[in-house]
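Participant: structure of the sequence below:
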Amino acid sequence: MYKRSALALLCFCATTGLAAPEHRSTEFNGVTASFTLLNPSLRATQCLKLRFSLLNQSDRVVAFRYMPLFLMHVDVFTSRGERLDFKTGAPTFEAAAAEIPLKPSERFDSMEKICLSIWYDLQPGDYYLIFHYDLRLLPDSVVEVYRKKFHSNDLVPWDAKKYWFHIHR
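Facilitator: Next up is the predicted model:
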């Protein structure tokens, strides 16, 4: 009897976990994003692979802008919550924003690479990313609403979730 109950509970938990809704980010101009790290265990010299998805949840067409050099959207933290600075001599880039036209309920999916070793000296251990969004990428018609909402002129949390990864030898 107990074995059947435990098995039923295990099956229920497994199917509930599989059917869990996709985690969505903060909404900007009707669009939310989702982020998935595809290789959360990697060597320091390897690029972090990211599945990035945008979803227009509004009832209008939106031209959503983001920086395709995804490093410009992340902060890296140690497992103790200490934000890492770029390493000395790290290159600086100026990148043009990508503009993705999205119809209502339309989704845009992309695979991105974040080569952390170019900007950070990561030792073996656990780290996490937090994604942020630059409000200056929003259209002039809505940017003030978001500046007031977040009490900021530029970088705000795009997703409060911590995306953990591990650097190994």
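
Participant: what backbone torsions are found at the closest residue in space to residue 93 that isn't next to it in sequence?
Facilitator: In space, residue 93 comes closest to residue 69 once its chain neighbours are excluded; the distance is 5.9 Å by Cβ to Cβ, 6 or more residues apart in numbering. Where C-beta positions appear, they are placed from N, C-alpha and C, glycine not excepted. Residue 69 adopts backbone torsions of phi -80, psi 90, taken as degrees, to the nearest 10.

Participant: select the longest strand from this structure.
Facilitator: Secondary structure of the chain per DSSP state E: the longest strand is strand 155-168.

Participant: partner strands of that strand, with direction?
Facilitator: Strand 155-168 has the following strand partners under DSSP bridges: strand 41-43 (parallel), strand 125-134 (antiparallel).

Participant: just name the shakiest helix or strand of this protein by mean pLDDT.
Facilitator: None of the helices or strands of the chain scores lower by mean pLDDT, DSSP states H and E than helix 2-18, at a mean of 43.

Participant: that one: what's the following helix or strand?
Facilitator: strand 31-37 (DSSP states H and E).

Participant: dump that next one to CSV, restricted to CA.
Facilitator: Taking Å, rounded to 0.1, in the frame of the first residue of the first chain, the C-alpha atoms of strand 31-37 are listed here in CSV:
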residue,chain,number,x,y,z
VAL,A,31,7.2,41.9,-24.1
THR,A,32,8.6,39.4,-21.7
ALA,A,33,11.7,37.3,-22.0
SER,A,34,12.8,33.9,-20.8
PHE,A,35,16.4,32.8,-20.4
THR,A,36,17.8,29.2,-20.2
LEU,A,37,21.5,28.4,-19.6
